[in-house]
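>>> from the sequence below, what's the structure:
(chains A and B)
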Amino acid sequence: MKKLITKPTKCTPEIFFDPEKGVFNIFGDSYPENAYEFYNPVINWIDNFVKQKNQVDIELSIKIQYFDTSSSKCLSVILEKLEAYYKQGNKVNVNWLYNIDEEDNYSLQNVEELFIGLNLPYRFIKK
Amino acid sequence: MVYPFNIRKIFTGNSKSEVVFIFNGVITQDLIVSLGESIRGELSLYCKPRIVNRVFAIFIEMAQNVMHYSDDKFHFDKRSYGKGQLILIKNPDGFEIITLNKVNDNQKNFLMQRNKLINNLNQQELKELYIKTRNKKSLTNTKGAGLGFIDIARRSGIPLNFEFESIDDFHHQFKLRAIVFES
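Numbers count the residues shown, from 1 in each chain, chains lettered A, B, ... in the order given. The predicted model follows:
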């Protein structure tokens, strides 16, 4: 399985998923013109990854200063897919990286809401 | 800022308010990105990051609504973009983000129901509605405006101000105004 690499733009994040090392990064702002068009290949990639049953530990690092409501739907779907992988007995850790500038209640609350109802380990890391 | 004519008064009706920008025309993704960048750049010179983030986020959701849903469309390159106006005003106590665009009768009815519902909820209820709406929403229809309005209301912290003005029997000018207080 190939790595998934997408270069960032001003309104879409960099995606770097390495299936062998289990390093998954999503870095950058997310407010694409069409969030589904942008995230669909990412979601399909994860579906394929989960099907391989290769039991790699996953460390997902996310650093997104701003994501719009459509991206929030897509991110929650990505997390659900990883939850399914976690429930199969694999190790998954999610690190949400943020700047001190973003220590605005709403932004972090918004992030926490992505994990509501999910059984997936995550932590906030202040940079 | 000095304008060649009294644009400030036309748009704000208040001499203590300043127009940061007014855009009138086709709302493309590139335009939203550049105005968003300019909000972050300029506002961070004199506002707390918390305020900059809120104004930025509300602006993006509102501008995207015009791009996706304005009933007045501009077609090019197999895509279509909504036309409308995007306005940012600096008041002595904060900011106002205003969008204007054409809507049809069906859109007006949807918007009225949606906004009335949102304006009757407190922050906790808005949060619950946001999560419920997100979970229900299908992935393919990620453009759905339902979530956007809830997000705007949550970030603004005060009810949304919306108005409709009749253009003809089937169309209306939709004006949405969100306020961010600095304190």
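>>> list the buried residues in stretch B:99-112.
By 16 or more other CB atoms under 10 Å in any protein chain shown, the buried positions in stretch B:99-112 come out as B:99, B:100, B:101, B:102, B:103, B:107, B:108, B:111. The way it works is simple: take the backbone N, C-alpha and C, and place the C-beta from them, glycine included.
>>> max pairwise distance over the residues you listed: which two?
B:99 and B:108 (14.9 Å; CB to CB).
>>> what about the helices in chain A?
Ranges of helices within chain A are A:35-51, A:69-87, A:105-114, based on DSSP state H.
>>> okay, those helices, which one's buried deepest?
Neighbour counts averaged per stretch over those are highest for helix A:69-87, at a mean of 20; criterion: mean count of other CB atoms under 10 Å in any protein chain shown.
>>> for chain B, which strand is longest?
Within chain B, and with DSSP state E defining each element, the longest strand by residue count is strand B:79-91.
>>> so which elements touch the next helix or strand after it?
Next in sequence after strand B:79-91, counting helices and strands by DSSP states H and E, comes strand B:94-104. Secondary-structure packing of strand B:94-104 (3 or more CB pairs under 8 Å, 6 or more residues apart in numbering or on different chains; DSSP states H and E): helix B:49-69, strand B:79-91, strand B:171-181.
>>> tabulate these (TSV), appending mean pLDDT, mean neighbour count and distance to residue A:57.
Shown next, in TSV, are the helices and strands packed on strand B:94-104 (pLDDT from 0 to 100; neighbours: other CB atoms under 10 Å in any protein chain shown; distance: least, CB to CB, whole Å):
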stretch	mean pLDDT	mean neighbour count	distance to residue A:57
helix B:49-69	95	23	33
strand B:79-91	94	19	41
strand B:171-181	96	19	42
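>>> which strands and helices sit next to the longest strand of chain B?
Other helices and strands packing on strand B:79-91, by 3+ CB pairs under 8 Å, 6+ apart, are helix B:7-12, strand B:18-26, helix B:49-69, strand B:73-76, strand B:94-104.
>>> pull the CA atoms of it into PDB?
Taking Å, rounded to 0.1, in the frame of the first residue of the first chain, the C-alpha atoms of strand B:79-91 are listed here in PDB:
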ATOM      1  CA  ARG B  79     -18.700  25.200 -11.900                       C
ATOM      2  CA  SER B  80     -21.000  27.900 -10.700                       C
ATOM      3  CA  TYR B  81     -20.400  30.500  -8.000                       C
ATOM      4  CA  GLY B  82     -22.900  32.600  -6.200                       C
ATOM      5  CA  LYS B  83     -22.900  36.400  -6.400                       C
ATOM      6  CA  GLY B  84     -23.500  38.600  -3.500                       C
ATOM      7  CA  GLN B  85     -21.900  41.100  -1.100                       C
ATOM      8  CA  LEU B  86     -19.500  40.400   1.800                       C
ATOM      9  CA  ILE B  87     -19.000  43.200   4.300                       C
ATOM     10  CA  LEU B  88     -16.800  43.600   7.400                       C
ATOM     11  CA  ILE B  89     -17.400  46.500   9.700                       C
ATOM     12  CA  LYS B  90     -15.400  47.600  12.700                       C
ATOM     13  CA  ASN B  91     -17.500  49.000  15.500                       C
END
